[in-house]
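S.K.: Curious how this folds, go ahead:
(2 chains)
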2 protein chains.
Amino acid sequence: MIQKKRRGQLIVFSGPSGVGKSTVIAELLHERPNTYFSVSYTTRQPRVGEADGVNYNFVTNETFEAMIARGEFLEYAQYVDHYYGTSLRLINEKLDQGVDVFLDIEVQGAAKVREKCPDAVLIFIMPPSFEELSRRLHGRQTDSESVIEGRLQKAREEIQEVGNYDYLVVNDKVFDAAAQISAILTAESCRTKYNLDIMEGV
Amino acid sequence: MIQKKRRGQLIVFSGPSGVGKSTVIAELLHERPNTYFSVSYTTRQPRVGEADGVNYNFVTNETFEAMIARGEFLEYAQYVDHYYGTSLRLINEKLDQGVDVFLDIEVQGAAKVREKCPDAVLIFIMPPSFEELSRRLHGRQTDSESVIEGRLQKAREEIQEVGNYDYLVVNDKVFDAAAQISAILTAESCRTKYNLDIMEGV
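M.R.: Numbers count the residues shown, from 1 in each chain, chains lettered A, B, ... in the order given. So this is what the prediction gives:
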């Protein structure tokens, strides 16, 4: 059997603020070889514990708008008065190396990625319940009550868009959610369209 | 979170004679709870080691044709001068109970199932190589050289139909193939379309 180096998969994660996307993604990066998290750009302020270049590339409005002008984004969007964007740089390079690239993008941006990359796999991470989401947001102790209310309202709106996603995973326990997503990545790599080259060797 | 009892998934396996479908399916039935193998009907003779009601329901031509007349088949086809068919009885009952139902069907039958059940998941099991497939067929020591040649020729034809399948899994080691298929079943159960009821509980 001759197997050519397979191109990596572009995996888009969305889900309400506080649902635990970054924890689940960290678990996946730890468990699965050949995976890469593409750090988004944003103009919002870092939260406590967030580091530049790790959680986001934190940039100014001026820098962000210059990047837009230079066509450097796969997608970008405005969300709660801040810019969020995904730079094309590195993503294609990683995919060509056979590395799976993870993106953490809100629903508007995810829809744009789907348009530009029809093969991207879109996964929506759900909280077990709104009560639990509220508890997680309060647990962060970084946001005021009104900010949390805004996030919960936004979550209700985002969840309406779940029909655009390929998969829906409930993050009750991080380990279980990561295992389900890991199964999704394995399954996607078995799709016939990516394996027709196996035929050449048979 | 309110979760309704989810309907089972209909999983169709195809692959050349000798590729090891029944061994892989046995491993999956052992590993995954709530799974059921729907035994096909056939008019061919049992091979050494095959039991009626286990590998196939072995019936006469007359019985098979009476079942066709009564509309009892989800699909049926003729293959190497014998009938093979999938009875609807039990399948829907099992699916309604939330049980995943496995079918082992050749490519013509699989195409008919896809037409009638668009949500069915079609998995094609490939040998690592034709040399290995030939070795496995000879290893059975049940078929003459000319029958084996016929099976290998048929395999080459079947593999041309692989584009109709959702997933392609190489059965090099049974355990690895079963693990990949298990991931596919988990991933399919995470598809958004089957989980929209989660929204009701959030």
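
S.K.: can you give me the helices in chain A?
M.R.: Counting by DSSP state H, chain A has helices at residues A:21-31, A:61-69, A:91-96, A:107-116, A:130-140, A:145-159, A:174-189, A:192-195, A:198-201.

S.K.: check contacts around A:N55.
M.R.: The neighbours of A:N55, taking CB atoms under 8 Å, 6 or more residues apart in numbering or on different chains as the test, are A:S22, A:V39, A:P46. Any C-beta I mention is one placed from the backbone N, CA and C, and that applies to glycine too.

S.K.: Roughly how far does the second one sit from A:Q9?
M.R.: Spelled out, it's A:V39. As for A:V39, its distance to A:Q9 is 18 Å (criterion: CB to CB, to the nearest Å).

S.K.: ditto for the last one
M.R.: In this structure, A:P46 and A:Q9 are separated by 29 Å, where distance is defined by CB to CB.

S.K.: who has more neighbours, the two?
M.R.: A:Q9 (21 against 13; other CB atoms under 10 Å in any protein chain shown).

S.K.: Quick one: name the residues of chain A near chain B.
M.R.: A:1, A:124, A:126-130, A:159, A:162-163, A:165-170, A:180, A:182-184, A:186-188, A:190-192, A:195-196, A:198-199, A:201-202 (CB under 8 Å from any CB of the partner chain).

S.K.: distance of A:G20 from chain B?
M.R.: 15 Å (CB to the nearest CB, to the nearest Å).

S.K.: again with A:F37
M.R.: 21 Å.

S.K.: for A:V99, same thing?
M.R.: Counting by CB to the nearest CB - A:V99 and chain B are separated by 19 Å.

S.K.: count of neighbours near that residue?
M.R.: The number of residues packed near A:V99 is 18, by other CB under 10 Å.

S.K.: and what of the one 3 residues further on?
M.R.: In terms of burial, A:F102 registers 23 neighbours under the definition other CB under 10 Å.

S.K.: If you average pLDDT per helix and strand, which one of chain A comes out bottom?
M.R.: Lowest on mean pLDDT, DSSP states H and E among the helices and strands of chain A sits helix A:198-201, with a mean of 68.

S.K.: Buried residues of stretch A:152-165, list them for me.
M.R.: The neighbour-count check on stretch A:152-165 (16 or more other CB atoms under 10 Å in any protein chain shown) flags A:L152, A:K154, A:A155, A:E158, A:I159, A:V162, A:Y165 as buried.

S.K.: Kindly report the same for stretch A:166-173.
M.R.: Neighbour counts over stretch A:166-173 (16+ other CB under 10 Å) mark A:D166, A:Y167, A:L168, A:V169, A:V170, A:N171 as buried.

S.K.: got the helices of chain A as JSON lines, with distance to A:N55 columns?
M.R.: Formatted as JSON lines, those follow (distance: least, CB to CB, whole Å):
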{"stretch": "helix A:21-31", "distance to A:N55": "7"}
{"stretch": "helix A:61-69", "distance to A:N55": "16"}
{"stretch": "helix A:91-96", "distance to A:N55": "17"}
{"stretch": "helix A:107-116", "distance to A:N55": "16"}
{"stretch": "helix A:130-140", "distance to A:N55": "13"}
{"stretch": "helix A:145-159", "distance to A:N55": "17"}
{"stretch": "helix A:174-189", "distance to A:N55": "17"}
{"stretch": "helix A:192-195", "distance to A:N55": "31"}
{"stretch": "helix A:198-201", "distance to A:N55": "39"}
